[in-house]
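Novice: generate a structure from the sequence data that follows.
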Amino acid sequence: MDRHPVELLIEKADTAINREDFDTLMAIYAEDAVLVVKPGLEARGRDQIRKAFVAIADHFGHSLAVEQAGLVVLEAGDTALVLARTVVSATTLPPTVRNATYVFRRDPGAGWLCAIDNSYGHDLMIQDEG
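Specialist: Okay, here's the model as predicted:
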């Protein structure tokens, strides 16, 4: 069975993050995309998203590793919802599994682009009560 084009883009994005290839990574995002940097902090648009990824790489001592341990792509017209089991690790972070949610939209000139990158998924709804 052929893989969905969005799955291939996510794989490309993971490789770009791991290699700190931010030019390749930005080409995967829509111009008006939103990245959840952490709960309560979002980057909007390619410029902010690029700056966020540079800061994240610095924060993790350039050792960040991202990979997918499972994906489901639900497509309707020009929109694709991705439910993912994303594994994030670094030298200072043991492998952490996140139930991520991504939204892609098909652009007539550019193909599929990531519009919403939320590696925290439903965890955004969990309020810190401490």
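Novice: now the strand or helix carrying Val87: average pLDDT?
Specialist: Secondary structure from DSSP states H and E places Val87 in strand 79-90. For strand 79-90, mean pLDDT is 97.
Novice: by contact count, what packs against the next helix or strand after it?
Specialist: Of the helices and strands lying after strand 79-90 in sequence (DSSP H and E), the nearest is strand 93-107. Applying 3 or more CB pairs under 8 Å, 6 or more residues apart in numbering; DSSP states H and E, one finds that strand 93-107 contacts helix 5-19, strand 79-90, strand 111-118. C-beta here means a position set from N, CA and C on the backbone, and glycine is covered the same way.
Novice: switch to 7 Å and redo it
Specialist: strand 79-90, strand 111-118 (3 or more CB pairs under 7 Å, 6 or more residues apart in numbering; DSSP states H and E).
Novice: save those as a markdown table, and put in mean neighbour count too.
Specialist: Output for those, formatted as a markdown table (neighbours: other CB atoms under 10 Å):
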| stretch | mean neighbour count |
| --- | --- |
| strand 79-90 | 18 |
| strand 111-118 | 19 |
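Novice: which among these is found nearest to Asp47?
Specialist: strand 111-118 (14.9 Å; CB to CB).
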